[in-house]
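> with the input below, show me the fold.
(4 chains)
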2 protein chains.
Amino acid sequence: MGSCLAERLSHYLELTENEHAALDGIEAQQRHCKRGTILRREQDRARELFVVRSGWLQSHVVLGDGSRQIMRFFFPGDIIGLSSLALDHSPETIVTVSDASVAAFNREKLCDIFENHPRLAALIFTVTMAERVSISDRLASIGRTSARARVASILCEIFARNRVMLKGELSELQLPLTQEDLGDATGLTAVHVNRMMRGLMDDGLIARSGNKVRLVDEKRLASEANFIDRYATIDTSWLPPAR
Amino acid sequence: MGSCLAERLSHYLELTENEHAALDGIEAQQRHCKRGTILRREQDRARELFVVRSGWLQSHVVLGDGSRQIMRFFFPGDIIGLSSLALDHSPETIVTVSDASVAAFNREKLCDIFENHPRLAALIFTVTMAERVSISDRLASIGRTSARARVASILCEIFARNRVMLKGELSELQLPLTQEDLGDATGLTAVHVNRMMRGLMDDGLIARSGNKVRLVDEKRLASEANFIDRYATIDTSWLPPAR
DNA sequence: CGACCCCTTGATTAGCCTCAACAACCGTGG
DNA sequence: CCACGGTTGTTGAGGCTAATCAAGGGGTCG
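Down below sits the predicted model:
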């Protein structure tokens, strides 16, 4: 019943009691959602943020011609909706990819953190900067690498990010994503994702059974994908002292 | 001789004297660079940030096969290097695209802002969130739109972002970018960028003479590009009070 | 003036998309 | 229990977009 956000941030820094107290209020309202629930639509007025407590989500936009681009997947511990802080209408649609539970909190809470807990604010800032790097990595992947490398890269990212919260080993994972989801995240069609995954299987880089995927040769997979794990550690040395 | 960062932030919010004072120290060391100067290499140890005072810059990565992806262009008033706050080695190379002058400041300064100027910290946070949205827009552009739309989109973005500082009218702009730069930013080859620009010219959407580009029919250009200006206004209503 | 960079255009190739058909696997209701 | 529709995965054939390869032109700088 602790805060998921606190748990996530604790991976990078030991929080003080004061800081814990500030985060405790955040996840008061928890909400359980079935797979496919739309938490927010593009252009919705967005005044609240979410912390993922369990399950996976994604955010996407739909372009003029009906095609969809998935911007990002979200896993337990992730904060959703920071990007709509700057805009008062949401730039993207947010949907659950599996059954999930999220905790909503509003901007005022974040405001309070900036005002009274500078170290916490700076830490959140830093974590979102790591996210930004990871989005940029995806940009390079989509812009400059082959279909095969893109699929390899999204798999690496999913595994790497899930490791942060699960800590330790993780070579097999139940993917609640369809191949169309993977395609919309990598800028490919579902058909082509299918072919690429078959290729990765045939070459012994991954293995599948049902929805489960196992990274058989993660080193080679990461190397083909040009993948770098941005989440393993983050630098907190510059943060102000805790208050 | 005021702070460029202060000027940029003032576009979104009226800064107090205290806040101005905090920003004044930032741009003490100014540095003039010729076009093509590398300010930072991928993997460099990065302890400082930059504010652009004049000129344009870009950040990019080079992939295993030698291809280059430009992550972002930077214009006067932009902060460079925030993404390396989280990592102690730079994820990208930073280069001047034209002659430019930048002011370097170090993390301690930012730390001070978080500690003593919560409103300023929150504002910087908000601006970087707007940037994140803009990066996501590029992701969708590269992932899901045609070459023509991508070129249209990068042009729209360049104009929109330059308008923030220049304020007011801006329909013609001297681009210090080569077509290869545009290609590396949009995930295309220089050759294909050339053809797309010709197409946009022939259809009367843009006009060129030398390096100058003019948006003739910006509305149609933006619509073809699926472009949305994320910088025009940003929401500052949630910020804590100034201190 | 030559070397280099950048732009431009044409011809050909390759990677990924589209369309299509079918199989496997659900949850639902009869 | 099975029949059913709906969704997802799989595979093949063919087409289109953008890459590649190639050649030439203009501009600029030493």
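
> quick one: contacts for the residue positioned nearest the centre of chain A?
With distances taken as Cα atoms, centre = their mean, A:F74 lies nearest the centre of chain A, 3.1 Å away. Contacts of A:F74 were listed using Cβ atoms under 8 Å, 6 or more residues apart in numbering or on different chains, and they are A:V52, A:W56, A:L57, A:Q58, A:S59, A:I80. For glycine as for every other residue, the C-beta is placed from the backbone atoms N, C-alpha and C.

> doesn't the fourth one lie inside a helix?
No: the assignment for A:Q58 is strand, going by DSSP: H, G, I helix; E, B strand; the rest coil, so no helix is present there.

> any idea how far chain B is from the residue nearest to the centre of chain A?
For A:F74, the distance to chain B (Cβ to the nearest Cβ, to the nearest Å) stands at 13 Å.

> what do you get for A:F50?
A:F50 is 15 Å from chain B, by Cβ to the nearest Cβ.

> which non-adjacent residue is nearest the residue nearest to the centre of chain A?
Counting by Cβ to Cβ, 6 or more residues apart in numbering or on different chains, A:F74 lies nearest to A:L57, which is 4.3 Å off, once chain neighbours are set aside.

> what number of residues lie near that neighbour?
22 (other Cβ atoms under 10 Å in any protein chain shown).

> likewise for A:D229?
A:D229 has 16 nearby residues by other Cβ under 10 Å.

> kindly report the same for A:L63.
Neighbours of A:L63 (other Cβ under 10 Å): 15.

> isn't it right up against B:L139?
No: the criterion here is Cβ atoms under 8 Å, and A:L63 misses it with B:L139 at 11.8 Å.

> which residues do these two both contact?
With Cβ under 8 Å, 6+ apart as the test, A:L63 and B:L139 both reach A:Q69.

> distance of A:S84 from A:M197?
Per Cβ to Cβ, to the nearest Å, A:S84 is found 33 Å from A:M197.

> now check the lengthiest helix in chain A, is it near chain B?
Determined from DSSP state H, the single longest helix within chain A is helix A:118-144. Yes: remark: helix A:118-144 sits within contact range of chain B at A:118-119, A:121-122, A:125-133, A:135-140, A:142-144, by Cβ under 8 Å from any Cβ of the partner chain.

> packing partners for that helix?
Under the contact definition 3 or more Cβ pairs under 8 Å, 6 or more residues apart in numbering or on different chains; DSSP states H and E, helix A:118-144 sits against helix A:4-10, helix A:17-24, strand A:79-80, helix A:107-116, helix A:147-166, strand B:68-74, helix B:107-116, helix B:118-144.

> of those, which is nearest DNA strand D?
helix B:118-144 (10.2 Å; Cβ to the nearest atom of the strand).

> what mean pLDDT does the closest one get?
For helix B:118-144, the mean per-residue pLDDT is 97.

> do the same with stretch A:61-79
Here stretch A:61-79 scores 96 as its mean pLDDT.

> export it to CSV, keeping only CA atoms.
The C-alpha trace of stretch A:61-79 is given here as CSV (Å, rounded to 0.1, in the frame of the first residue of the first chain):
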residue,chain,number,x,y,z
VAL,A,61,-1.5,9.8,-31.5
VAL,A,62,-3.6,9.1,-34.6
LEU,A,63,-2.6,11.0,-37.7
GLY,A,64,-4.7,12.4,-40.4
ASP,A,65,-4.7,9.3,-42.5
GLY,A,66,-5.8,7.1,-39.6
SER,A,67,-2.4,5.6,-38.9
ARG,A,68,-1.3,5.4,-35.3
GLN,A,69,2.0,6.1,-33.7
ILE,A,70,2.6,4.7,-30.3
MET,A,71,4.8,7.2,-28.5
ARG,A,72,5.6,5.2,-25.4
PHE,A,73,4.8,2.2,-23.3
PHE,A,74,4.4,2.7,-19.5
PHE,A,75,5.3,0.2,-16.9
PRO,A,76,4.8,0.0,-13.1
GLY,A,77,6.4,3.0,-11.4
ASP,A,78,6.3,5.2,-14.5
ILE,A,79,4.6,8.6,-14.3
